[in-house]
Structure formats: C-alpha cells, structure tokens
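S.K.: sequence and predicted structure are below.
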Amino acid sequence: PRGADLLVSLHLPGPIDAAPVHAHAAQRSYLSPAGSGDHTGDRDGRAFTGTLTTWPYLTGVDVAGGPGAVVALGDSITDGERSTPGANRRWPDVLARRLLSRPHGPRYGVLNQGIAANRVVIDRYPGDGVSGDVGGVSAQHRLERDVLAQTGVRTVIVFEGVNDVRSGTSADAVIAGLRAIADRARGRGLRVLAATIAPCAGFPGCTPEVDARRAAVNAFLRNHRGTFDAVVDFDAVLRDPDQPERLLPAYDSGDHLHPGDAGLRALGDSVDLRLLTP
C-alpha cells in the first residue's frame, strides 16, 4: 500500500570485505547470527536477534504504476539525522505524506537521496571506489546515479551547501555547482527547485565567515530564480528571526545544525506542492 513500510530480507552466503552502505538510515534493520542460514523466507522474526541502524546493499526499490517521483537531493538534514529513529519524520517523509493526501494533482512518490556529510563541490573520496568515508562523492558527481537515472523522476529539490561553506568552499564555487546541477537536470527535462541553506551558528565550525558564505549563496538563490524553476526558502522557515544566523530553538535538535522533528515537519510542510509540477 502507498506509504507503507517495506521489509526486504537479504542473505549473504559467505563473508564479505566491503559493502555499499547508507550509513545514517534513521531506521532499524534486523540481523540473524552469522552462520545461522538463510532466513529470507521466514514468516516471523525470531531468527533476527541483532540490530543495526544502517542500510547495507539495498539502494532503492522501484514500484510500477505511479505518476512519477520527486527526488530530494541533500545532505544529513535531508537524510533525517537527529530525527526520531524508526518514525519516518524526515522532511521528505512529510512531503510524501502530503502528496499522498492531496485531492488534486499527481501523487508523486518521494525519493530521499540525502547523504550525511555530502557536499555540492567536493568529493568526500575520489570516485565511487571502496572507502571508509560514507559521505559520498559530490552532488554533482552523483547526480546521474541518484537523480537523472531514477525511474519516473519528474522534479528534483536540491538542498545542499552547508557542508561546503563549513569546509571553506567559496560561495562562488557553491553557486557554480548548484547552477551546473540545475543546467544538467533541466537539460534532461526535469523541473528543478533549489532550497536556501539553513543557518548553523552554534555548531562547531559555523563561524561568522561561514555564515557570510551561506548568506551569499542564499542571496544568489533568491535573486536568480531563472536559474531554477522555483526556490524554496528553507532558511526563512528554520531561522530564528531575532538571530537569523541560528536555528529557531523550537526547531533545533540541540546541535544547532540539524533540525529536530518539528523543524523537519516545518520544512516538509513549507513546500508549495504546486511548484512540483509545470
């Protein structure tokens, strides 16, 4: 059924040295003991006595017959870091539920392509080879795999940049990267929405210089809407009006970078569904 949880069981017949993994799933998976055999056909969970909070191996599930999909391309905020585990309270989850309940317009599925620590400009490691760094290659370098090649994708919402400005990347470089993503996606017939970068003062490394770079990127996004089909102002949703370099306390998870459940809900609720279709 639409919006239901899906359980996928995998069996590994032997030891493995490396595996593709989504490091921050905000969801619990279950393990049977090594050497206990193939339990993928079990009708109950008695064999699964261990747990982990990552998603190894499985990168996605295609469901036929729908009207299409929206891709949320982002970093840890999109990934749902510091949201309630197992509760599906990431902002793309909120958006997905809104789309399912809308009385009119296409009820798009929402594909969460958030990777914690991801950046627009800089790869966390060179190429897609084996690495202990799970932050992924840059949004530009994973765009084909994670957005353009996805089944039925109609629209992409790009919400990245805070990790770039925090790591010293210039505002101009981030802007150039976002423009390149928009040009490539629009060239493939996708509708592209860009989200402004949320504040992070109080989080380690989020200095006034970082906030100045963030503000410069946001000023470009707000004033160059022709580069994108629309701009969603996530910064305006999350910031404290009295201290705009900080998250609103009610939306702060406590680390001053990641919104909590209330902040993520506010992001998902703020997207005008009319912007997702031409």
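M.R.: Cool, the structure landed. Numbering: from 1, shown residues only.
S.K.: what backbone torsions are found at residue 52?
M.R.: As for residue 52, its main-chain torsions (degrees, to the nearest 10) stand at phi -150, psi 160.
S.K.: tell me how many other residues crowd it.
M.R.: Counted with other CB atoms under 10 Å, the neighbours of residue 52 add up to 13. No exception for glycine: its C-beta is placed from N, CA and C like everyone else's.
S.K.: how about residue 99?
M.R.: Other residues close to residue 99 by other CB under 10 Å number 22.
S.K.: quick one: low-confidence ranges for the chain?
M.R.: 128 (pLDDT under 70).
S.K.: give me the domain ranges for it.
M.R.: Here the domain assignment for the chain is 8-59, 69-276, based on automatic domain parsing.
S.K.: need the ones you listed in TSV (columns: distance to residue 2).
M.R.: Shown next, in TSV, are the domains of the chain (distance: least, CB to CB, whole Å):
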stretch	distance to residue 2
domain 8-59	17
domain 69-276	5
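S.K.: most packed of those?
M.R.: domain 69-276 (a mean of 19; mean count of other CB atoms under 10 Å).
S.K.: all strands of the stretch 51-200 of the chain, in order?
M.R.: Counting by DSSP state E, counting those that start in this stretch, the stretch 51-200 of the chain has strands at residues 55-56, 69-74, 109-114, 153-159, 191-195.
S.K.: mind putting the ones you listed in TSV, distance to residue 276 included?
M.R.: Shown next, in TSV, are these (distance: least, CB to CB, whole Å):
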stretch	distance to residue 276
strand 55-56	26
strand 69-74	6
strand 109-114	10
strand 153-159	5
strand 191-195	7
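S.K.: wait, which of these is closest to residue 218?
M.R.: Closest approach to residue 218 among those (CB to CB): strand 191-195, 9.7 Å.
S.K.: what's the closest one in contact with?
M.R.: Applying CB atoms under 8 Å, 6 or more residues apart in numbering, the contact partners of strand 191-195 are 74, 154-159, 178, 181-182, 185-186, 221, 227-234, 271, 275-278.
S.K.: out of those, which are inside helices?
M.R.: 178, 181-182, 185-186, 221, 234 (DSSP state H).
S.K.: need the max-distance pair from the residues you listed.
M.R.: 186 and 234 (20.6 Å).
S.K.: re the thing from before, which one, of the domains of the chain, ends up nearest to residue 1?
M.R.: For those, distance to residue 1 was read as CB to CB. The smallest value, 10.2 Å, belongs to domain 69-276.
S.K.: what's near enough to touch the most centrally placed residue in the chain?
M.R.: Closest residue to the average C-alpha location of the chain: residue 114 at 2.3 Å, with CA atoms, centre = their mean. The contact partners of residue 114, taken as CB under 8 Å, 6+ apart, are 72-80, 90, 92.
S.K.: switch the cut-off to 6 Å
M.R.: 74, 78-79 (CB atoms under 6 Å, 6 or more residues apart in numbering).
S.K.: make CSV out of those residues and add distance to residue 31.
M.R.: Below are the contacts of residue 114 laid out as CSV (distance: CB to CB, whole Å):
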residue, distance to residue 31
74, 28
78, 27
79, 22
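S.K.: just the closest of the residues you listed to residue 143, please.
M.R.: residue 74 (12.5 Å).
S.K.: surely that closest one meets residue 159?
M.R.: Yes. Using CB atoms under 6 Å, residue 74 is in contact with residue 159, at 4.2 Å.
S.K.: now tell me what touches stretch 149-167 from outside.
M.R.: Contacts for stretch 149-167 (CB under 6 Å, 6+ apart): 62, 68-75, 78, 111, 119-121, 139, 147, 174, 181, 185, 190-195, 197, 200, 205, 210, 213-214, 217, 276.
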